[in-house]
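Asker: Quick one: sequence and predicted model below, then my questions.
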Amino acid sequence: MIKITGLIFDYPGHRALNDISLTVPPGSVTALVGPNGAGKTTLLRCIAGLETPLAGSIEVAGIDVIKEPREVHRTLGYLSDFFGLYQDLSVARCLEYAAASQGLPDGDIAGAIAKTAAGLDLADRLNQPAASLSRGLRQRVAIGQAIIHAPRVLLLDEPASGLDPEARAGLARLFVQLQAEGMTIVVSSHILAELDEYSTHMLALRQGQVIENRPLAAHHPAPGGRHLRLELAQPDERLYDWFIAHPQAALRLSGEDFVEFDFTGDSIAQATLLRELVEAGFPVTALAEQRENLQQSYLRSVADQAKEVSHAN
């Protein structure tokens, strides 16, 4: 859905994006992560056609962003980290203005407003002025303005900044809903925990370069199957040999009171495995799938890059 090749962007005296090439698959929710100054906001603005790079190419849904920035806006929604609403306009008027500015025909605008408001739980707020809304509701109106024209791609820069926990949870549910409707989403955030619930991919930037762009294991299991961890109430020296001999298990880590392994069977086979362990006399206290969260995944990517740099030097 997004294809970038050889992207370079310079600010005076500083290279913000350094020869970036990447793809974003359709229907994914990509967590765009990295430290301050990594180039996240610049990358989003380039994809949205709001900045012109020094070199490289960007395509969104097959449209050349650099050559046809206005055309790409028809298929893309963008919410900046410092979004603005017209304070004196009602929610309905804010959405109406956004719809008209995106070129929706007059006869389609009322329906688009109703559908967008319903999807964002704003239907009972349409007549309220934007200035009277809470931060969380204002954020929803801003997202409504970004999606009023039913874009195929949605770019969000720090969308949960300043929201309370309840509003953050509501935002997460909204992104899951939008993805289920087929939208491709790229979300930039410093708070990795809030992206864990709904992100399917991770795009990590550091010093203007991509250090990782891959599916997250929680949504795309490894080819070896499920990664499971078994824990015992007390050590049992038979544990290692038992798992080495098991045809569906491939050990990763082991001790006398735990093992981590890849398991090729389904849920029924996993239940059978547990029964076999209990029948063999192992005092099992836990058998659960191990999933790397987004923060762990990002920190592992940073560590891997540091090792590569160290080896290169």
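Answerer: Okay, I see it.

Asker: And the strands in this protein?
Answerer: Taking DSSP state E, the strands of the chain run over residues 2-11, 14-24, 29-33, 55-60, 63-64, 76-79, 153-157, 184-188, 201-206, 209-215, 226-232, 249-254, 258-263, 284-289.

Asker: got CSV for those, with mean neighbour count too?
Answerer: (C-beta placed from N, C-alpha, C; glycine too.) As requested, the strands of the chain are exported to CSV (neighbours: other Cβ atoms under 10 Å):
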stretch, mean neighbour count
strand 2-11, 17
strand 14-24, 17
strand 29-33, 25
strand 55-60, 18
strand 63-64, 16
strand 76-79, 23
strand 153-157, 23
strand 184-188, 24
strand 201-206, 23
strand 209-215, 17
strand 226-232, 18
strand 249-254, 15
strand 258-263, 19
strand 284-289, 12
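
Asker: And those, which one averages the lowest pLDDT?
Answerer: Mean pLDDT values for the strands of the chain show the minimum at strand 249-254, a mean of 85.

Asker: Quick check: can you name the pairing partners of that one and their directions?
Answerer: strand 258-263 (antiparallel) (DSSP bridges).

Asker: tell me the angle of the partner strand relative to strand 226-232?
Answerer: Angle of strand 258-263 versus strand 226-232, following axes from the mean of the first three to the mean of the last three Cα atoms, to 10 degrees, is 160 degrees.

Asker: Strand 258-263 versus strand 284-289: what angle between them?
Answerer: 40 degrees.

Asker: need the contact list for the closest residue in space to residue 71 that isn't next to it in sequence.
Answerer: Distance criterion Cβ to Cβ, 6 or more residues apart in numbering; nearest residue to residue 71, sequence neighbours excluded, is residue 63 at 5.5 Å. Contact analysis of residue 63 by Cβ atoms under 8 Å, 6 or more residues apart in numbering lists 71, 72, 75.

Asker: run the last query once more with 10 Å
Answerer: Each residue near residue 63 by Cβ atoms under 10 Å, 6 or more residues apart in numbering is listed here: 49, 69, 71, 72, 73, 74, 75, 76.

Asker: distance of it from residue 199?
Answerer: 25 Å (Cβ to Cβ, to the nearest Å).

Asker: Over to residue 48?
Answerer: Between residue 48 and residue 199 the distance is 20 Å, computed by Cβ to Cβ.

Asker: rewinding a little: which stretch among the strands of the chain comes nearest residue 165?
Answerer: strand 184-188 (17.5 Å; Cβ to Cβ).

Asker: how far out from the middle of the chain is stretch 244-264?
Answerer: In terms of Cα atoms, centre = their mean, to the nearest Å, the centre of stretch 244-264 is set 31 Å apart from its chain centre.

Asker: So this protein: which segments form each domain?
Answerer: Following automatic domain parsing, one gets these domains for the chain: 2-215, 226-289.

Asker: in terms of contact, does residue 90 touch residue 130 like I think?
Answerer: Yes. At 7.3 Å, residue 90 and residue 130 qualify as touching, with contact defined as Cβ atoms under 10 Å.

Asker: Would you mind telling me which of the two has the busier surroundings?
Answerer: Set residue 90 next to residue 130 and count neighbours by other Cβ atoms under 10 Å: residue 130 wins out with 20 against 17.

Asker: Now do the same contact list for that one.
Answerer: Residue 130 makes contact with 84-91, 93-94, 137-138, 141-142 under the criterion Cβ under 10 Å, 6+ apart.
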